[in-house]
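Student: predicted model follows, preceded by the sequence.
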Amino acid sequence: MQPENFYYDNKIVRNFGIATIVWGIIGMTVGLLVAIQMYAPGANLHNQFTTFGRIRPLHTNAVIFAFVGNAIFMGVYYSLQRLLKARMFSDALSKIHFWGWQLIIVSAVITLPLGLTTSHEYAELEWPIDIAITIIWVVFGINMFGTIFKRRERHLYVAIWFYIATFVTIAVLHIVNSVELPVGAFKSYMVYAGVQDALVQWWYGHNAVAFFLTTPYLGMMYYFLPKMANRPVYSYKLSILHFWALIFIYIWAGPHHLLYTSLPGWAQSLGVAFSIMLIAPSWGGMINGLLTLRGAWDKVRDDVNLKFMVVALTAYGMATFEGPMLSLKQINGIAHFSDWIVAHVHVGALGWNGFLTFAILYWIIPRIYKTELFSKKLASFHFWAGTLGIIFYAVPMYWAGFTQSLMLKEFNPDGMLKYPNFLESTLQILPMHMMRSVGGAIYLLGVIVMGYNLYRTMRQGSLVANEGAQAMPLEPAHTLAKESTFHRTLERRPIQLMVLALITILVGSVIELMPTMTISSNVPTIASVKPYTPLELQGRDIYIREGCSNCHSQTIRPFRSETERYGEYSKAGEFVYDHPFLWGSKRTGPDLARIGGKYGNAWHYNHMMDPRLMSPGSIMPEYSWLLTQKLDTTTTIAKINGMRKLGVPYAAGYENIANQDLDKQAKEIAANLYADKIEVKSDKEIVAIIAYLQRLGTDIKANKTATK
Amino acid sequence: MKKLLLIPMLAFVLPAMAEAEEKPISTGDLQNYVAYAAIMGMLLLFIIALLVVLRALKVMTKVMLRQQQGYTHAEIAAELNPEQPKKVKNELWLKALSLKPMSQEKSLLIEHDYDGIQELDNPTPAWFMWLFYGTIGFGLAYLAVYHVFGVGQLQDAEYVTEVAQADSAKKVYLARAGEQVDENTVKLVADAGVIDAGKGIFTQHCAACHGAEGQGVVGPNLTDVYWLHGGNINDVFKTIKYGVAAKGMPTWEKQLSPKQISDVSNYILSLKGTNPPNPKAPQGDELKDDTSAGRTASN
């Protein structure tokens, strides 16, 4: 046999690399802006398109899917070709993948500030974009498997197992979590409601962390770390064990995001148990990485890439230990809804994903440009700025999380809450939030310096768009000797490997999701819970549009400190018409599950116009545009029809008279406001949102007073 | 890097915090926490100062050796870092982590390589396997405790226990403190201390809707003789305590103690006839003079 000559496609790697840097800077800048809005509400630029509720999803989407997403594709396209000794399957598909993905991001940048959102965290994009994501993801899959099929390397290296698991699992997660019924060009309702929707969302949300932020990065770690350190991987056996254990166990852990909610107890406990079991499989990746550096620690001292790698692995180890601890219910009771979680997430995101991405960028760019890095000093500066940035970010946030949670739980001996006004705890942690934004700014500065450094590196070299390589073609399958172990055999069979990975992740998914969907006893119904009126439904969609659930939860946990503050704890049956659920995951402001009837309409009107009128010192942005914008009632028919299709019991033909009911209720609210000297036309959006807020939690309230 | 250690440290404090949650922390405890933090900070600062001093001493030694004793660089280096016998510790360390010595590495290399990357045939470390088995054991035990043997309380039962404990603690406290007052037992008083306390509460909670001087904004005027829900002390107490949902008056029962509601009720009634500027037009029924009668009676 003769060795074959072929070329690696470096241009696509370069393109994804540039996209990583550009979107990284944009995403983090938006992050800095939202961080500042947490203590200076005026930083919303007095504009609905740049207000927290709409651009916080923009920040998360930009850093996860644009920054990390492009980095994954950069790393995968670089390492896959080399590990398989083959050029990417199709240059055209590579191009479609690249431009398609950028287009998806651009559409996110446009639609999210417009308030077009499903409200599912990390899956906010509306249905047309969901379809585009599916198509592009399939393009990526075809391109990857096409390359695998024409490989010149019989066995698949551990990095590729992780890439394959990433591909199948993300496909499953995205599709299941995006089953929504369109009721307009950019408006849809989730098919699942309430508790079921919450479970699906956090099964997705948790595993987006697992299979978008973790498995592809572990794969890249397995390629780039041994390359950078020029050392063999510590243990092949450990790779096998932690790969399969990780993907099997990770998928079960989602319910730990829903502890102390109305999710059935068995599902919560499964989430906790599997979260604890996740420690060792997660750490397997870290120790395999760190022990690979055995005998190369002297290099870490001078090599900035390895420094980034070591901090990334350490941050990964810390975050994956903290995560299981946070899922213990005693700790979760304090940490959930607080800044602690924000700190936890950012140790992972800034440390693990950020630093690993930077190491890879500093390593790849000079290589594909056939040159040296422009400045090692600047890279070293970036390393220290990044590390300091993480510390200045995380420490104040941990502090803020403890402080606020403990304040909210504190009682006086006479049985009254010590801080009955939520706002007191908010004001207490403002200094920590200011420090956090300083930490974030330092980190961002480092990234900008990296951008400059790599730009100069590209300028001084020239891109080797097609890098020549040589390898022997694959020997025919029938000439192969029998492998010594089952796993060695599996490594030769990509399709079997993919199917096995798919089965592995489906086990936990099916066991947790199916009973909640199908067995009615898991969601006990409550007779007094009725569907929303048309006006309330429209108001709810405004609530979704403005992203209120980014700061306000709608689920009261069974703690005395919460039932005293907010009222009776939330029951599963209260949410059966909530397509989608709006429980939220963070309480920057108080819970709203039972806000209905707590204040008068006039209070809400004034509060929306300027929150500081009613709550001096509040950090909530003003929503003055709700006072002037006219409610779009042309969508009512489609919305009622859509809800009915999803099982909400609106009477047949109700859609035709829905707008009359809507008008009637709106006029009542306007008249009520008029009695308080507030003149507002009944067709404004504010009226709808007041109607919705006044409805929240009242179904069960009525029930309670009746039995009392 | 040193500072990074703070983060795992915080993670270890967590279980301690979880316990702290059971009994609400008092200001005394809070001060203790602050003091601990201050002590920790000082100790840290102390360590940093010591390190700086150590470094300075080293540099000074070098300078003195060179300039006064005429040593060369190499001699100084030898003097400062004498060769140490090979540490036995290292072996213990390797054993604990179940690592094979680096000298054996060659024999562990798996022949195959991927783009130049080789793998070692190291076993999975024993401590790692024990960690894994341990967590699996924990997971199974956790499920058994809560769902098989029913020893652990699930959240609904946990809540009932929490409230019951708090209720009995509260009863004991209130019986001792003699603070039990409700809409039937509340008394009208003109004590300056009470009125002052009531004013503070009013400014904090009521002024947003009723105006700083009780003249009425969103909520009604509280300084005139017209009342929507009754104007004697018992009625006012009741309105504040339970609220009037239909009119947008919130319930204050959860936010203010009975004593506080009584104080603020007294303060409100003390506003009668103060005639602040920009009063809101009267709402409700006129109350004919029995407030002052009530006051006399109670005095």
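Tutor: Arrived safely.

Student: alpha carbons only for contacts and neighbour counts from here, please
Tutor: Will do.

Student: quick one, what contacts whichever residue of chain A sits closest to chain B?
Tutor: Chain A approaches chain B most closely through residue A:600 (3.2 Å), counting by CA to the nearest CA. By CA atoms under 8 Å, 6 or more residues apart in numbering or on different chains, the contact set of residue A:600 is B:245, B:246, B:247, B:248, B:249, B:250.

Student: rerun at 6 Å
Tutor: Residue A:600 makes contact with residue B:248, according to CA atoms under 6 Å, 6 or more residues apart in numbering or on different chains.

Student: got it, and the one 4 residues further on?
Tutor: Applying CA under 6 Å, 6+ apart, we find residue A:604 in contact with no residue.

Student: just give the nearest non-adjacent residue to the residue in the stretch 51-200 of chain B that chain A sits nearest to, would you?
Tutor: Across the stretch 51-200 of chain B, the shortest distance to chain A (CA to the nearest CA) belongs to residue B:139, at 4.1 Å. Excluding the flanking residues, the one nearest residue B:139 by CA to CA, 6 or more residues apart in numbering or on different chains is residue A:273, at 4.1 Å.

Student: let me know how buried that neighbour is, in neighbour terms.
Tutor: 26 (other CA atoms under 10 Å in any protein chain shown).

Student: same check, this time on the one 10 residues further on
Tutor: Each residue near residue A:283 was counted by other CA under 10 Å, and the total is 23.

Student: contacts for the helix or strand harbouring it?
Tutor: In this structure, residue A:283 is located in helix A:279-292 according to DSSP states H and E. Applying CA under 6 Å, 6+ apart, the set of residues contacting helix A:279-292 from outside is A:233, A:234, A:242, A:245, A:246, A:313, A:317, A:321, B:132.

Student: close to chain B, is whichever helix or strand comes after that helix?
Tutor: Per DSSP H and E, the first helix or strand lying C-terminal to helix A:279-292 is helix A:297-302. No: judged by CA under 6 Å from any CA of the partner chain, helix A:297-302 makes no contact with chain B; its nearest approach is 12.3 Å.

Student: list the buried residues of helix A:297-302.
Tutor: A:297, A:300 (16 or more other CA atoms under 10 Å in any protein chain shown).

Student: from the chain's centroid, how far away is the lengthiest helix in chain B?
Tutor: Longest helix in chain B, counting residues (DSSP state H): helix B:27-69. On the basis of CA atoms, centre = their mean, to the nearest Å, helix B:27-69 sits 30 Å off its chain's mean C-alpha point.

Student: do it and chain A meet at all?
Tutor: No: figure legend: helix B:27-69 not in contact with chain A (CA under 6 Å from any CA); closest approach 10.1 Å.

Student: after that helix, which helix or strand is next?
Tutor: helix B:73-80.

Student: any weak-confidence spans in the chain?
Tutor: In the absence of a named chain, this looks at chain A. A:701-708 (pLDDT under 70).

Student: wrong one, chain B
Tutor: For chain B (pLDDT under 70), the answer is B:1-27, B:83-89, B:177-179, B:288-299.

Student: tell me which parts of it are close to chain A?
Tutor: Counting by CA under 6 Å from any CA, chain B sits next to chain A at B:18, B:24, B:114-115, B:118-122, B:124, B:132, B:135-136, B:139, B:159, B:170, B:208, B:245, B:248, B:250, B:255.

Student: what residues does the residue of the stretch 151-299 of chain B found nearest chain A make contact with?
Tutor: At 3.2 Å from chain A, residue B:248 is the closest residue in the stretch 151-299 of chain B, using CA to the nearest CA. Contact partners of residue B:248, counting by CA under 6 Å, 6+ apart, are A:599, A:600.

Student: cool, residue A:374 as well?
Tutor: Neighbouring residues of residue A:374 by CA under 6 Å, 6+ apart: A:456, A:457.

Student: let's verify it: helix, strand, or coil?
Tutor: coil (DSSP: H, G, I helix; E, B strand; the rest coil).

Student: could the contacts of helix A:279-292 be laid out in TSV, adding secondary structure, distance to residue A:679 and neighbour count?
Tutor: Below are those laid out as TSV (DSSP: H, G, I helix; E, B strand; the rest coil; distance: CA to CA, whole Å; neighbours: other CA atoms under 10 Å in any protein chain shown):
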residue	secondary structure	distance to residue A:679	neighbour count
A:233	strand	72	27
A:234	coil	73	28
A:242	helix	65	20
A:245	helix	63	19
A:246	helix	60	24
A:313	helix	59	27
A:317	helix	58	21
A:321	helix	56	20
B:132	helix	66	21
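
Student: from those residues, which is closest to residue A:426?
Tutor: Nearest to residue A:426 among those, counting by CA to CA, is residue A:321 at 28.4 Å.

Student: ok so, going back, now do the longest helix of chain B against helix B:73-80, angle only.
Tutor: 130 degrees (axes from the mean of the first three to the mean of the last three CA atoms, to 10 degrees).

Student: pick out the residue closest to the middle of chain A.
Tutor: Nearest residue to the geometric centre of chain A (CA atoms, centre = their mean): residue A:122, 3.5 Å.

Student: quickly find the element holding the closest residue in space to that one that isn't next to it in sequence.
Tutor: Nearest non-adjacent residue to residue A:122, counting by CA to CA, 6+ apart: residue A:61, 6.3 Å away. Secondary structure assignment for residue A:61, by DSSP H and E: helix A:52-61.

Student: other SSEs contacting that helix?
Tutor: For helix A:52-61, the packing partners by 3 or more CA pairs under 6 Å, 6 or more residues apart in numbering or on different chains; DSSP states H and E come out as helix A:11-37.

Student: between helix A:52-61 and the helix it packs on, find me the angle.
Tutor: 150 degrees.

Student: which helices and strands does helix A:11-37 pack with?
Tutor: Judged by 3+ CA pairs under 6 Å, 6+ apart, helix A:11-37 is in contact with helix A:52-61, helix A:69-84.

Student: residues making contact with the first one?
Tutor: What it means is helix A:52-61. Taking CA under 6 Å, 6+ apart as the rule, helix A:52-61 contacts A:27, A:30, A:31, A:34, A:113, A:115, A:546, A:547, A:548, A:550.

Student: one more time with 7 Å, if that's ok
Tutor: By CA atoms under 7 Å, 6 or more residues apart in numbering or on different chains, the list of residues contacting helix A:52-61 from outside reads A:27-28, A:30-31, A:34, A:37, A:44, A:109, A:112-113, A:115, A:122, A:546-548, A:550.
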